[in-house]
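>>> I need the structure of the sequence given here:
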Amino acid sequence: MKLLPRTLRAQIALLVLGVLILAQALSLWFFVDERSLAIQAAIGAEAAGRAANVAQLIEGAPPELHAQIVRAATSPLVRFDLTDEPSVAHGQHDDGGAVEARIRALLQESYSRDIRVEVHEIEGGLLPLPNLSPEMAQMHAEMMQGSLAAIEMELSIALSGGNWLNIETRFERPPLQRSQASNISFALTAGLLLVASFWFLLSRLTGPLNNLATASERLGRGAAEGDLPVVGPKEVQDLTLAFNIMQDRLTRFVSDRTQMLAALAHDLRSPLTALRVRAEMVDEEDTRASLVASSEEMQRMIDATLDFAEGVGQHEEVQSVDLHDLITGMGSDKVQAGSQGPLIVSVKPSAMGRALRNLIENAIRYGNEARVSWERAGGEVVIAIDDRGPGIPDDQLEAVFGPYVRLEESRSLDTGGHGLGLSIARSIILEHGGSIRLKNRTDGGLRAEVTLPVRPGADPPG
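Below you'll find the model as predicted:
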């Protein structure tokens with residue numbers, strides 16, 4: 001299976017060619033076998049006719065002319081001999097029945113005359129025509145392209161005088177031959193089949209499937225478009241229709257959830273604003289400051305929750321941006337960018353900027369610095385953000401991506417944040433068709449490793 005091409009079009013083209021070649025080979029084999037049978041029947045009929053004629057001549061001629069008749073009848077193709085014993089010691093064999101019937105019909109004999117026929121194959125170094133001269137035999141062997149397998153037929157006919165007329169003839173099986181016209185016919189047939197199959201695949205099968213794959217990838221990156229045209233075979237149409245329904249349901253689900261949370265956030269802002277106003281009216285300064293701080297904290301949590309629920313940057317257009325500029329443009333003196341050159345990626349700039357900023361700010365907050373590096377790996381770019389903080393327990397590396405999850409053992413509540421930074425970052429990265437994982441470094445600190453697809457045709461980093 002590893003030797004098969006990967007694309008459906010190439011596999012079907014290979015299948016069409018393979019089946020066509022097999023069909024042509026079988027047809028050629030059957031054709032050659034039919035030619036062999038036809039030649040055998042023709043030579044057998046010709047030999048039977050000559051044998052009957054010679055038998056009639058001998059029986060009608062005086063004995064002193066028998067030898068002359070036999071010599072005159074003998075040729076390179078057929079050899080006659082007049083003896084007291086038959087050269088065929090048993091009855092007919094293989095296809096001799098038709099030859100015997102023809103001889104009896106020509107002699108106008110019933111089954112009273114003893115006629116024996118034997119047909120068998122000859123393999124090896126024997127020439128197909130044993131009575132040829134050496135020069136003619138060499139020319140015949142060259143013409144037969146070295147194929148010397150032959151069919152030998154022997155006949156013994158009982159004559160009225162008590163003698164036997166023995167006949168021996170031999171003919172070769174025709175070699176495997178293929179004309180130029182057959183080659184042209186095969187090439188034209190293969191070309192027409194490939195053109196027809198490629199047209200069918202491109203317009204009816206692989207075209208819609210490629211469109212479906214592209215639309216699925218775009219939907220996973222938050223760039224869904226309208227419904228795909230329902231074309232192609234019924235199975236492809238059913239698949240496309242199911243995708244359109246799924247896309248519509250997902251879009252409506254996300255939209256409804258976003259609208260619900262937006263309305264909830266709006267409704268919460270009003271009582272929070274009222275609470276803030278009332279807090280300002282409290283006479284006791286410590287109590288007033290505590291209430292104001294709590295209301296502001298609640299407002300920030302509502303805003304962060306709404307950003308997370310909306311799928312940050314959902315309505316932003318995808319653009320080709322330079323990853324180097326995107327990272328170095330964050331303007332923090334605690335970000336150490338690697339020495340890699342420009343690398344173009346297709347992202348939603350604001351959304352991806354926020355995701356990377358969240359990761360970098362986490363690294364700065366808990367490790368006092370962030371070292372960012374990236375490298376090209378095939379069709380992807382791997383971004384590594386390292387810090388020198390205390391790290392995260394291995395059994396919590398996945399759990400910290402959950403909303404509002406904070407680990408007091410390694411992340412102090414006094415450092416700020418609501419436990420949504422990593423959740424928002426992962427949501428954005430997954431929306432771009434990428435992935436993110438955390439791992440503790442062997443020399444201390446934490447690494448956030450982000451993998452993103454690179455724009456097709458982008459140059460690798462210098």
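
>>> So Ala351 versus Asp395, what's the distance?
30 Å (Cβ to Cβ, to the nearest Å). Bear in mind the C-beta positions are built from the backbone N, C-alpha and C, glycine included.

>>> So if I had to pick from the two, which one is more boxed in?
For Ala351 versus Asp395, neighbours defined as other Cβ atoms under 10 Å are more numerous around Ala351 (23 against 7).

>>> would you say that one is within a helix?
Yes. Under DSSP: H, G, I helix; E, B strand; the rest coil, Ala351 sits within a helix.

>>> I'd guessed it sits against Gly434; true?
No. Checked against Cβ atoms under 8 Å, the pair Ala351 and Gly434 is beyond contact range at 11.8 Å.

>>> Pull up the per-residue confidence for Leu165.
Per-residue pLDDT puts Leu165 at 92.

>>> Shouldn't it be within a strand?
Yes. Under three-state DSSP, Leu165 sits within a strand.

>>> If we ignore the residues flanking it in sequence, what's nearest it?
Ile157 (4.6 Å; Cβ to Cβ, 6 or more residues apart in numbering).

>>> Please name the bridge partners of that neighbour.
Beta-bridge pairing for Ile157 (DSSP bridges): Ile115, Leu165.

>>> ok, it - contacts?
Taking Cβ atoms under 8 Å, 6 or more residues apart in numbering, we find Ile157 in contact with Ala51, Ala55, Ile103, Arg113, Asp114, Ile115, Arg116, Trp164, Leu165, Ile167.

>>> which outside residues touch the helix or strand hosting Val382?
In this assignment (DSSP states H and E), Val382 forms part of strand 380-386. For strand 380-386, the external contacting residues (Cβ under 8 Å, 6+ apart) are 323, 327, 343, 345, 356, 359-360, 363, 367, 370-375, 441, 445-454.

>>> which intervals of the stretch 151-300 of the chain have sub-threshold pLDDT?
171-182, 186, 197-198, 200-203, 220-224 (pLDDT under 70).

>>> then the helix or strand following the strand holding Val382 to CSV, C-alphas only?
Next along the chain after strand 380-386, taking DSSP H and E as the criterion, comes helix 421-431. What follows is helix 421-431, C-alpha atoms only, in CSV (Å, rounded to 0.1, in the frame of the first residue of the first chain):
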residue,chain,number,x,y,z
GLY,A,421,-5.6,34.2,29.9
LEU,A,422,-4.6,30.7,28.8
SER,A,423,-8.2,29.8,28.0
ILE,A,424,-8.5,32.8,25.6
ALA,A,425,-5.0,32.1,24.1
ARG,A,426,-5.9,28.5,23.4
SER,A,427,-9.3,29.4,22.0
ILE,A,428,-7.7,31.8,19.5
ILE,A,429,-4.9,29.4,18.5
LEU,A,430,-7.3,26.5,17.9
GLU,A,431,-9.5,28.9,15.9
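
>>> Now do the helices in the stretch 201-350 of the chain.
206-220, 234-280, 285-309, 323-328, 349-367 (DSSP state H, counting those that start in this stretch).

>>> tell me the domain ranges of this protein?
Structural domains annotated on the chain: 8-178, 265-309, 319-453, as defined by automatic domain parsing.

>>> As CSV, those domains with distance to Leu239 would be great.
Formatted as CSV, these follow (distance: least, Cβ to Cβ, whole Å):
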stretch, distance to Leu239
domain 8-178, 14
domain 265-309, 31
domain 319-453, 21
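
>>> which one of these is the most hemmed in?
domain 319-453 (a mean of 17; mean count of other Cβ atoms under 10 Å).

>>> Figure out the length between the terminal residues of it.
One end of domain 319-453 to the other measures 13 Å (Cα to Cα, to the nearest Å).

>>> where do the strands sit along the stretch 101-250 of the chain?
115-122, 150-158, 164-172 (DSSP state E, counting those that start in this stretch).

>>> Could you dump those into a markdown table and include distance to Arg269?
Converted to a markdown table, these look like this (distance: least, Cβ to Cβ, whole Å):
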| stretch | distance to Arg269 |
| --- | --- |
| strand 115-122 | 101 |
| strand 150-158 | 103 |
| strand 164-172 | 102 |
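
>>> Looking at those strands, spot the one closest to His66.
Proximity to His66 (Cβ to Cβ) singles out strand 164-172 among the strands of the stretch 101-250 of the chain, at 9.5 Å.

>>> could you give the angle of the closest one to strand 115-122?
30 degrees (axes from the mean of the first three to the mean of the last three Cα atoms, to 10 degrees).

>>> The strand holding Val382 pairs with which strands?
strand 370-377 (antiparallel), strand 446-453 (antiparallel).

>>> how far does the first one sit from the chain's center?
Pointing back at strand 370-377 there. Chain-centre distance of strand 370-377: 35 Å, with Cα atoms, centre = their mean, to the nearest Å.

>>> Quick one: closest of the strands of the stretch 101-250 of the chain to Ala293.
strand 115-122 (107.7 Å).

>>> what about the longest helix in this structure?
helix 8-60 (DSSP state H).

>>> And the contacts of the next helix or strand after that one?
Sequence order places helix 66-73 as the next helix or strand after helix 8-60, per DSSP H and E. With contact meaning Cβ under 8 Å, 6+ apart, helix 66-73 is reached by Arg50, Val54, Leu57, Ile58, Ala61, Phe80, Asp81, Leu82, Asn163.

>>> Closest one of those residues to Ala337?
Arg50 (100.9 Å).

>>> May I see the contacts of helix 66-73 arranged in CSV, with distance to Arg288 as well?
Output for the contacts of helix 66-73, formatted as CSV (distance: Cβ to Cβ, whole Å):
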residue, distance to Arg288
Arg50, 134
Val54, 139
Leu57, 144
Ile58, 145
Ala61, 149
Phe80, 137
Asp81, 138
Leu82, 143
Asn163, 145
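
>>> Pick out whichever of those residues sits closest to Asp286.
The closest of the contacts of helix 66-73, once distances to Asp286 are taken by Cβ to Cβ, is Arg50, at 135.1 Å.

>>> I'd assumed Thr74 was in contact with the closest one.
No. Between Arg50 and Thr74 there is no contact under Cβ under 8 Å: 10.2 Å.
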